[in-house]
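Visitor: what's the 3D shape of this:
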Amino acid sequence: MKHKCPICHKTIEAKPQEKSEVIKFYPFCSRICKLVDLGAWLDAQYKISQSQEAGELSDTGLDGR
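Guide: Model (predicted):
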């Protein structure tokens with residue numbers, strides 16, 4: 001299995017059945033890259049796009065009332 005770390009873009013190669021450090025931090029290459037990504041989420045550098053406009057949301061609760 002070959003992939004690139006989403007943080008540092010290093011190419012990583014590992015076999016899925018391996019119990020290695022590479023698999024441990026997948027999809028990142030290391031603990032550091034994993035923590036950098038976590039820090040970016042905590043600093044609100046990433047955003048999840050909204051699929052509906054705020055006005056389109058229903059006022060009903062999850063139970064339909």
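
Visitor: just for the protein, where's the confidence low?
Guide: Along the chain, segments meeting pLDDT under 70 span 15-22, 52-65.

Visitor: now the lengthiest helix in it: buried residues?
Guide: Identified as the longest helix of the chain according to DSSP state H is helix 31-42. With burial defined by 16 or more other CB atoms under 10 Å, the residues of helix 31-42 counted as buried are 33-34, 37. C-beta here means a position set from N, CA and C on the backbone, and glycine is covered the same way.

Visitor: in this protein, which spans are strands?
Guide: Here the chain has its strands, by DSSP state E, at 2-4, 11-13.

Visitor: same list (the ones you listed) but as CSV, adding distance to Q45 and mean neighbour count.
Guide: Supplementary listing: the strands of the chain in CSV, determined by distance: least, CB to CB, whole Å; neighbours: other CB atoms under 10 Å:
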stretch, distance to Q45, mean neighbour count
strand 2-4, 19, 11
strand 11-13, 23, 12
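
Visitor: C8 against C33, yeah?
Guide: Yes. C8 lies in contact with C33 (CB atoms under 8 Å); the separation is 5.6 Å.

Visitor: list the contacts of the longest helix of the chain.
Guide: Contacts of helix 31-42 with the rest of the structure, by CB atoms under 8 Å, 6 or more residues apart in numbering, involve 5-8, 25, 28, 46.

Visitor: top of the residues you listed by neighbour count?
Guide: Using other CB atoms under 10 Å as the neighbour criterion, F28 leads those with 22 neighbours.

Visitor: I figured that one was touching P6, is that so?
Guide: Yes. Using CB under 8 Å, F28 is in contact with P6, at 7.0 Å.

Visitor: what about L42, distance to L35?
Guide: Per CB to CB, to the nearest Å, L42 is found 10 Å from L35.
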